[in-house]
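> fold the following.
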Amino acid sequence: MSSPTSFRAARWGRTLNLLAQAVLFITLFGGLNYLAVHYAWRFDLTQSHRHSLSPETLAYLNKLDVPVRIVVTLTEDSDNDQVAQAYRDVSGLLREYGYATENNDKGRVTTEYLDVFQRRRDAEALGITDPNSILVICDGRPPLKITLDQLYDVKDQEKKAFLGEKVFTAAILDVSNPSRKKIYFLQGHGEMQLDDVSPDRGLSLLKGELISRNFDVAPLDLSKQHKIPEDASVLVIAGPQGRYTPEEQEMLRQYLSTRAGRLLALLPPMYPNGLDDLLYEWGILADDVVIYDSGSNGQNENGDLILLPTDDGAKHPVTKKLADYRIPLRFGLSRSVRPDLGRTLDNNLKVLALVHPDPATSWGERNYRDRSVSTFDPNIDLKGDMLAVATASERVTPEGGLKFTVPGGRVVSFGSADWIANARLGVIGNLTLFISSVNWITDRDIDLNVPVRPINKFQLSLTQNQLRNLRYSLFFLLPGAAALLGAIVYWTRRS
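A predicted model of the protein is given here:
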């Protein structure tokens, strides 16, 4: 028979054993958590690497030396399915940006989700008025706005791929860069003014849109300065009503050729601008005509032309988004600005028509000063299939015998200017066209080596009988199997 001492020793032994097990248990899980926090291994096994950032993005984030804050106003419970889907795509991606920079004390990327209706004061402080937008903010610099149409590659009005990583990486690099690209609007020939608030000729709204996209804008009068500044990223000629002098043309020519300059020329009809020779060198012909369209959908009741991208323009960065979403443009009085088929042969010059009126119902009227003429004259006027209202030209110089090229100058010319005025800038297609032109001409559209993420759609197709069998299985089979297993366990333990 055991003594009381042995019982006491056994009880203490069991107590110490339980205590040791508890300590070992806590130590084990504490050690595992420490390793998980400091030496985490993550494996992305999804087919499209949905939970990974590309090596190029990671390389940029590792060198980021300023904090970047991303404010998202999308909501998951939105009544709009497109917005809710965008929220899910964006939130998952931005989580990866935060994880990639969590150990970077200087250049951390943080995300804030803001409900503009519940936190209206905070939204107004950030200048947010659109509930479905995204702001990329870096202290002391103008925020960069990202819209939903930038996040997806759309074909035939259907989303094909998610471009979020490419867009966000480019935006982070843009706002974190201390230097801002400067756009000069030329003056001295009756051009439209940046600070003018008038609806027909003012550019005050456009100025605000450019500043909000981290551009610096300023006027430039070549007749007074006699030199194009070294910091000029783009020159804009917006609706001149007088001729440029030969000296000014030569400055523009030198800027485009020797400095790989960039020029946006918005040339309304009826006003000689003196730029014909300069445009000829870039393979562009600005016809002295006014475009009319007799089709029911070609001009609205105000006489504005309704325009669409050309077939080739649908592939060009300037007009690709417009073609993808089938967004029309609305121009006022316009001339034809088209590729010059009689230009000097230059294999390094790429000229492409971007926007045109309906070829079947439009024409270029040469006798536009005679108000009584409103019909097409095949002996004088330009046929509709010869017209273009926007043309892009780019000179790319081969580098020796290598397989890559060195970008040269770029020119985008439009046959109208009033489409960027305050009264028409509110048309979504017009603003998109101008911003896309600026992005392409300033190289903001250069593709990062970031793969797009395909949008995978899964659809379960069941017949009525299959659906009924599935319903019965969920209601009876699975609960019945659990009940049967419980009964077997109960009978076994009782026996």
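> just give me the neighbour total for Thr245.
By other Cβ atoms under 10 Å, 14 other residues sit near Thr245. (Glycine included, C-beta is placed from N, CA and C.)
> most centrally placed residue in the protein?
When Cα atoms, centre = their mean is applied to the chain, the residue found nearest the centroid is Gln150 (3.4 Å).
> and the gap between the closest residue in space to that one that isn't next to it in sequence and Ser133?
What sits nearest to Gln150 in space, not counting adjacent residues and going by Cβ to Cβ, 6 or more residues apart in numbering, is Val167, at 5.3 Å. Taking Cβ to Cβ, to the nearest Å as the measure, Val167 falls 13 Å from Ser133.
> and what about Val136, helix, strand or coil?
What DSSP: H, G, I helix; E, B strand; the rest coil gives for Val136 is strand.
> now the helices for this protein?
Assigned by DSSP state H, the helices in the chain fall at 4-38, 55-62, 81-100, 120-125, 164-176, 204-212, 222-225, 246-258, 276-281, 320-325, 428-441, 464-472, 478-494.
> so what does the fifth one touch, helix or strand wise?
Where contact means 3 or more Cβ pairs under 8 Å, 6 or more residues apart in numbering; DSSP states H and E, helix 164-176 is packed against helix 55-62, strand 68-72, helix 81-100, strand 134-138, strand 144-146.
> ok, the last one: who's next to it in the sheet?
Spelled out, that is strand 144-146. Applying DSSP bridges to the sheet, strand 144-146 is found paired with strand 134-138 (antiparallel).
> who's in contact with the strand it pairs with?
Strand 134-138 is contacted by residues 66-74, 90, 126, 128, 143-147, 168, 171-172, 174-176 when judged by Cβ atoms under 8 Å, 6 or more residues apart in numbering.
> which of those count as buried?
Buried subset of these (neighbour count, 16 or more other Cβ atoms under 10 Å): 66-74, 90, 126, 128, 143-146, 168, 171-172, 174-176.
> joint contacts of Val167 and Ser133?
Going by Cβ under 8 Å, 6+ apart, residues that sit against Val167 and also against Ser133 are Ile146.
> the two: who's more crowded?
Val167 (21 against 16).
> related to what we said a few turns ago, for the helices and strands packed on helix 164-176, which one sits closest to Glu158?
Nearest of the helices and strands packed on helix 164-176 to Glu158, taken as Cβ to Cβ: helix 81-100 at 11.5 Å.
> from the chain's centroid, how far away is that closest one?
16 Å (Cα atoms, centre = their mean, to the nearest Å).
> same deal with stretch 346-353?
Stretch 346-353 has its C-alpha centroid displaced from the chain centroid by 25 Å (Cα atoms, centre = their mean).
> as PDB, could you dump the C-alpha coordinates of that stretch?
Extracted C-alpha coordinates of stretch 346-353, given in PDB (Å, rounded to 0.1, in the frame of the first residue of the first chain):
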ATOM      1  CA  ASP A 346      11.800  59.500 -94.000                       C
ATOM      2  CA  ASN A 347      11.800  56.000 -92.500                       C
ATOM      3  CA  ASN A 348      12.400  57.500 -89.000                       C
ATOM      4  CA  LEU A 349       9.200  59.500 -89.100                       C
ATOM      5  CA  LYS A 350       6.000  57.900 -88.000                       C
ATOM      6  CA  VAL A 351       2.800  59.800 -88.800                       C
ATOM      7  CA  LEU A 352      -0.600  58.600 -87.800                       C
ATOM      8  CA  ALA A 353      -4.100  60.100 -88.100                       C
END
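> which parts of that stretch are buried?
For stretch 346-353, by 16+ other Cβ under 10 Å, it's 349, 351-353.
> and the residue lying closest to Lys350 once chain neighbours are set aside, how many residues sit next to it?
Excluding the flanking residues, the one nearest Lys350 by Cβ to Cβ, 6+ apart is Glu394, at 4.9 Å. Using other Cβ under 10 Å, Glu394 is surrounded by 21 other residues.
> partners of Glu394 in the sheet?
With DSSP bridges applied, Glu394 shows beta-bridge pairing to Lys350, Arg410.
> quick one: contacts for it?
Contacts for Glu394 (Cβ under 8 Å, 6+ apart) come out as 349-350, 407-411.
> where is pLDDT lowest across the residues you listed?
Across the contacts of Glu394, no position has a lower pLDDT than Pro407, which has 61.
> what about the nearest residue to Asp77 once chain neighbours are set aside, distance to Asn214?
With sequence-adjacent residues excluded and distances taken as Cβ to Cβ, 6+ apart, Asp77 is closest to Ala84, at 7.2 Å. According to Cβ to Cβ, Ala84 and Asn214 sit 29 Å apart.
> between those two, which has more neighbouring residues?
The neighbour count for Ala84 versus Asn214, taken as other Cβ under 10 Å, is higher for Asn214 (20 against 15).
> so the more buried one makes contact with Ser179?
No: the pair Asn214 / Ser179 is not scored as a contact, 10.1 Å apart, by Cβ atoms under 8 Å.
> Gln82 reaches Leu148, doesn't it?
Yes: taking contacts as Cβ under 8 Å, Gln82 lies within contact range of Leu148: 7.1 Å.
> quick one: which of those two has more around it?
Leu148 (17 against 12).
> identify the residues contacting the closest residue to the more buried one other than its chain neighbours.
Spatial nearest neighbour of Leu148, chain neighbours left out: Ala86 (5.5 Å); criterion: Cβ to Cβ, 6+ apart. The contact partners of Ala86, taken as Cβ under 8 Å, 6+ apart, are 74, 132, 148, 151-152.
> likewise Gly239?
So Gly239 contacts 190-192, 201, 266-268, 417-418 (Cβ under 8 Å, 6+ apart).
> show me where the stretch 201-350 of the chain has its strands.
Per DSSP state E, counting those that start in this stretch, the stretch 201-350 of the chain carries strands over the ranges 216-220, 232-238, 262-266, 284-286, 290-293, 305-309, 329-331, 337-339, 349-356.
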